[in-house]
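> give me the fold of what follows.
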Amino acid sequence: MKKIHIVTDSTCDLSKEEMTKNNIHVVPLTLHIDGKTYVDGELHPATFLDMMDEAKELPKSSQPAPGKFQEVYEQLGEEGDEIISIHVASKLSGTLGSAQQGAQMAGKNVTVFDSEFIASAMGIQVREAVRLRDAGATKEEIIKRLEEVRANTKMFIYLDTITNLVKGGRIGKGKALIGSLLNIKPIAILNKGEYTPVSKVRSYKQVIKFMFNEFLKNTAGKTVKSVCISHAGGMDDVGNPLKELIEKEGFNEIEVSYTSPIVSTHTGKGAIALVFFAE
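Numbers count the residues shown, from 1 in each chain. Alright, predicted model coming up:
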């Protein structure tokens with residue numbers, strides 16, 4: 001009987017232990033900082049944040065080469081097995097494009113899926129794919145469900161600084177707001193893979209209030225399936241107070257995780273993302 005294999009990349013916020021336990025195959029991105037190159041996952045996120053503070057220039061990230069994906073796909077598809085490859089939003093990284101090229105080169109039964117998200121928001125989709133795979137679902141059923149999960153997931157992002165985002169050229173529709181954001185704390189939503197500013201506030205309390213209100217508004221009348229807080233060291237000022245507010249609403253299974261160094265390279269230190277899946 002043919003198997004279904006799940007592949008993702010290192011911008012997914014799932015732990016190495018969970019990846020190994022659930023037989024999730026990871027193709028890592030790479031980081032370049034002060035003349036040295038690291039495979040994403042080699043550095044602890046907190047260690048990387050300190051290195052980034054001390055770096056002479058903004059660290060750079062690189063997507064995996066198509067050949068890396070080709071190798072994984074050829075190995076997994078050797079017996080005619082099916083492969084679902086779930087990746088960071090195509091508008092944020094060229095990783096998805098590399099995966100598509102790798103799939104063409106491998107000539108195996110691969111479906112490359114654009115999560116339209118990053119970090120824990122992408123992790124929710126990977127977990128759902130694993131759950132359905134283990135329950136005996138077909139590849140078509142899994143893809144259909146991933147589209148539903150993607151449509152019902154929200155990701156709000158708070159940046160403590162926009163320096164990294166501007167230097168990295170990843171600010172998307174927010175380019176017109178750069179001048180006005182210099183002394184304001186920006187909050188954005190990741191909408192179909194694009195960073196889109198939705199609010200400008202001046203204090204941590206206002207950040208917490210805005211995100212909490214968005215959580216209440218977007219989950220009203222729905223069943224909350226998952227809540228995650230991804231952070232780049234910003235738990236004290238925003239993450240923990242926000243977590244406490246959501247817990248008071250009766251949802252106590254909030255997952256907290258460091259963003260990968262790849263993600264924090266672009267968000268900067270102190271960033272927080274509130275992610276929730278409700279339907």
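> which residues of the stretch 51-200 of the chain fall in strands?
All strands of the stretch 51-200 of the chain, identified by DSSP state E, counting those that start in this stretch, fall at 60-62, 82-87, 110-114, 153-158, 185-191, 194-201.
> between these, which one is closest to Gly234.
Minimum separation from Gly234 across those (Cβ to Cβ) falls at strand 153-158, 7.4 Å. Just so you know, the C-beta spots here come from the backbone N, C-alpha and C atoms, and that holds for glycine as well.
> got the angle between the closest one and strand 185-191?
Interaxial angle, strand 153-158 versus strand 185-191 (axes from the mean of the first three to the mean of the last three Cα atoms, to 10 degrees): 160 degrees.
> got the buried residues for strand 153-158?
Buried positions in strand 153-158, judged by neighbour count with 16 or more other Cβ atoms under 10 Å: Thr153, Lys154, Met155, Phe156, Ile157, Tyr158.
> can you tell me the closest non-neighbouring residue to the first one?
Meaning Thr153. Once flanking residues are discounted, Thr153 sits nearest to Phe277: 4.6 Å by Cβ to Cβ, 6 or more residues apart in numbering.
> now that neighbour: phi and psi?
Per-residue torsions, Phe277: phi -120, psi 120 (degrees, to the nearest 10).
> so how many other residues sit close to Asp34?
11 (other Cβ atoms under 10 Å).
> quick one: contacts for it?
Asp34 makes contacts with Met51, Ala55, Lys56, Glu57, as judged by Cβ atoms under 8 Å, 6 or more residues apart in numbering.
> quick one: residues contacting the first one.
It stands for Met51. With Cβ under 8 Å, 6+ apart, Met51 has these contacts: Ile33, Asp34, Leu43, Pro59.
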